[in-house]
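**Student:** Sequence and predicted structure below; questions after.
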Amino acid sequence: MAGVGLRGSRRQMLCWVLGLAAVFAGTVWSLDSLYSTQAELASYRAATESGAALFAINGRPYGVDDLGGVIAYEFGFMSALAFPLMGIHLVTRMTRREEESGRAELLRAGSVGRVAGLAAAVALTVSALILVSVSMVVALLATGLEVSGALLYSAALMSLGCCFAGIAALAAQIVASARNVLGICLAVLIAAFLLRGIGDVRGNGLVWLSPIGWAEQARPFGAARWWPVLLALGFAAVLFGAACWVAGRRDHGAGVLAARRGPASASPILLRPWGFAFRRHRGGIVSWSVIGALVAISFGALADAIRTVMADNAALQDVFGGDSANPDAYLSFVAVLLALIVAGFAVQGVGRIAEDEPGDRLEPVLAGSVSRARWLAAEVITVGCGTAVVATVSGFALGVSDALAVGDSSAVMRLTLATLSYLPSVLVLLGLAVALYGIRPAALSASWAAFVAVAVIATLADTLRLPEWLRHLSPLEWVGRTPSDAVSPLALIASATLAAALITLGLNGFTTRDIPMRSGPGLLRTLRTVRLSRPLRTHAAPADLHAPPRDAGASHTSFTRPT
């Protein structure tokens with residue numbers, strides 16, 4: 001089962017391992033040259049320890065008087081999201097998605113135990129996390145840091161990924177769809193991030209209720225301690241054990257929580273492509289809107305405090321790319337984070353559209369009076385409208401939280417429009433996903449690779465000191481940093497035009513390709529299949545065709561080799 005899981009998910013595992021290793025190595029390299037003297041390290045320490053407002057984003061700094069502490073703190077926001085998402089994605093793909101596709105049932109029909117598939121998925125995910133950790137140790141040792149700190153830091157992040165892999169493994173036994181598994185895991189991740197942020201800001205015990213807090217409290221380059229890592233690994237082991245126990249007792253293809261029965265008759269609106277598309281995506285629109293609103297409220301409430309700190313702290317001004325004369329530098333950073341959340345919904349929405357084709361649910365729809373263009377247009381327009389809703393709700397929440405903090409009601413409209421200004425850029429990612437799905441559904445995962453690249457450029461461009469030409473590959477960079485900078489109308493028009501062109505390309509490809517589109521086997525495999533599938537012909541030799549009949553009791557059947 002481990003071999004089967006590796007065969008089916010090797011590309012995703014390779015992308016996660018190489019992507020995280022490359023981003024971390026680039027972060028280490030850039031910070032090593034940026035903070036090479038004690039004076040620079042002292043300036044960074046003054047910037048990060050000057051106020052509690054920054055703790056909500058990266059956590060509390062430990063050991064930032066050394067390069068290792070700076071690396072851990074600068075990579076803190078990325079690691080708090082990337083490692084949990086890696087564990088969630090790989091376990092969900094190799095467990096619940098395999099059950100939904102029917103492949104796991106075929107394997108279970110043989111001599112495969114009930115928990116073999118789950119155990120293999122967990123083993124492969126942990127192995128991938130260990131590979132990332134080893135690459136991080138190598139990158140840290142290359143800068144001359146101590147072995148103990150490098151080992152503890154990589155082990156803490158590996159244990160963080162294992163915790164959320166265990167959460168995904170247990171959730172895959174509770175609910176019966178991969179979409180619900182991802183929803184549960186993302187809700188836990190957001191709760192863990194908020195608990196860690198509130199606990200660090202207020203300095204209370206809430207940080208210990210979050211696996212992200214456990215990784216932070218290991219303090220690898222400060223007062224190092226291994227027991228938080230052991231706590232995280234023990235928690236992950238308990239989750240894995242519970243998941244295996246449930247997997248050995250539940251029905252295959254079902255979850256502990258039975259799906260509720262739907263109504264006996266469908267609403268008339270579901271008989272139309274527009275109504276069915278809205279029914280399909282309404283849960284995602286609500287969920288991502290709540291996520292965006294929570295992030296906006298959490299970060300927006302700290303805006304006034306961070307403005308006060310930035311006014312007299314040049315190092316902190318560089319963190320957000322602003323200056324003392326521009327108090328909106330921090331809000332611009334938050335607006336970019338909200339744009340990434342909106343982009344995540346857009347790419348996930350296209351992935352939701354693509355689920356119908358391999359699940360054999362699309363062909364019956366298109367066999368009726370619904371045309372291909374009409375069906376896909378309804379789905380894409382619904383996702384596009386949902387993207388606008390998520391952006392509006394997130395921007396409005398950011399504006400309300402900032403208005404309550406500073407007592408300026410004009411911030412509501414200003415920050416809502418600032419967040420909506422990224423909408424054309426987000427639609428470019430949506431158009432890219434639609435184009436990939438319309439032309440070749442197997443390449444749809446490349447849209448997530450583009451999303452990750454945009455996220456890295458948006459959050460780590462200054463840290464990695466990326467060149468300008470590379471930054472401008474991200475459509476979010478075309479708009480600029482709003483509300484700090486004025487939005488270019490030309491950038492909005494260019495983004496919207498490119499998005500429309502990509503969507504048109506996807507619609508054209510969808511109307512001309514085969515449905516479902518399956519990649520054909522290679523020439524050697526085709527020839528081998530043809531040769532092995534030839535029927536075994538059992539017939540008498542030509543000489544025996546004219547032979548006299550034999551006695552009934554005789555058994556002289558003649559067979560010839562197939563030609």
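**Tutor:** Structure's in. What do you need?

**Student:** So for the strand or helix carrying Phe510, mean pLDDT?
**Tutor:** Secondary structure from DSSP states H and E places Phe510 in helix 489-512. pLDDT averaged over helix 489-512 equals 92, rounded to a whole number.

**Student:** List the buried residues for it?
**Tutor:** Buried residues in helix 489-512, defined by neighbour count with 16 or more other Cβ atoms under 10 Å: 491-492, 494-496, 498-499, 502-503, 505-507, 509-510. All C-beta spots, glycine's among them, are computed from the backbone N, C-alpha and C.

**Student:** Mind putting those residues into CSV with distance to Ile167?
**Tutor:** Shown next, in CSV, are the buried residues of helix 489-512 (distance: Cβ to Cβ, whole Å):
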residue, distance to Ile167
Ala491, 40
Leu492, 40
Ala494, 41
Ser495, 37
Ala496, 39
Leu498, 38
Ala499, 35
Leu502, 35
Ile503, 35
Leu505, 38
Gly506, 34
Leu507, 38
Gly509, 37
Phe510, 36
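
**Student:** any idea of the pLDDT on the residue minimising distance to the centre of the chain?
**Tutor:** Among the residues of the chain, the smallest C-alpha distance to the mean C-alpha position (Cα atoms, centre = their mean) belongs to Leu85, namely 5.5 Å. The predicted local confidence for Leu85 comes out at a pLDDT of 91.

**Student:** Who are the contact partners of it?
**Tutor:** Listed by Cβ atoms under 8 Å, 6 or more residues apart in numbering, the contact partners of Leu85 are 164, 189.

**Student:** just checking, next helix/strand downstream of the helix or strand where it lies?
**Tutor:** Counting by DSSP H and E, the element that carries Leu85 is helix 76-94. Toward the C-terminal end, the helix or strand that comes next after helix 76-94 (DSSP H and E) is helix 96-101.

**Student:** what mean pLDDT would you report for that next one?
**Tutor:** The average pLDDT within helix 96-101 is 83.

**Student:** which strands and helices sit next to whatever helix or strand comes next after that helix?
**Tutor:** Past helix 96-101, further along toward the C-terminus, the next helix or strand under DSSP H and E is helix 103-108. Contacting helix 103-108 under the criterion 3 or more Cβ pairs under 8 Å, 6 or more residues apart in numbering; DSSP states H and E are the following elements: helix 116-142.

**Student:** Tell me which other helices or strands the helix it packs on touches.
**Tutor:** Contacts of helix 116-142 with other secondary structure elements, assessed using 3+ Cβ pairs under 8 Å, 6+ apart, are made with helix 2-34, helix 76-94, helix 103-108, helix 147-174, helix 227-247.

**Student:** Which neighbouring elements make contact with the fourth one?
**Tutor:** Identification of packing neighbours for helix 147-174 by 3+ Cβ pairs under 8 Å, 6+ apart yields helix 67-74, helix 76-94, helix 116-142, helix 178-202, helix 211-217, helix 227-247.

**Student:** mind listing what's buried in the third one?
**Tutor:** Buried positions in helix 116-142, judged by neighbour count with 16+ other Cβ under 10 Å: 116-126, 128-133, 135-137, 139-140.

**Student:** shaky segments in this protein?
**Tutor:** Across the chain, the stretches falling below the confidence threshold (pLDDT under 70) are 47, 49-54, 258-260, 262, 301-302, 304-327, 359, 463-464, 518-563.

**Student:** Find the nearest non-adjacent residue to Glu40, please.
**Tutor:** Taking Cβ to Cβ, 6 or more residues apart in numbering as the measure, Glu40 lies nearest to Leu34, with 7.2 Å between them; neighbours along the chain are not counted.

**Student:** Which parts of the stretch 451-563 of the chain are strands?
**Tutor:** Remark: no strands are assigned in the stretch 451-563 of the chain by DSSP state E, counting those that start in this stretch.

**Student:** wait, which of the helices and strands packed on helix 147-174 is closest to Val400?
**Tutor:** Of all the helices and strands packed on helix 147-174, it is helix 178-202 that lies closest to Val400, at 17.5 Å by Cβ to Cβ.
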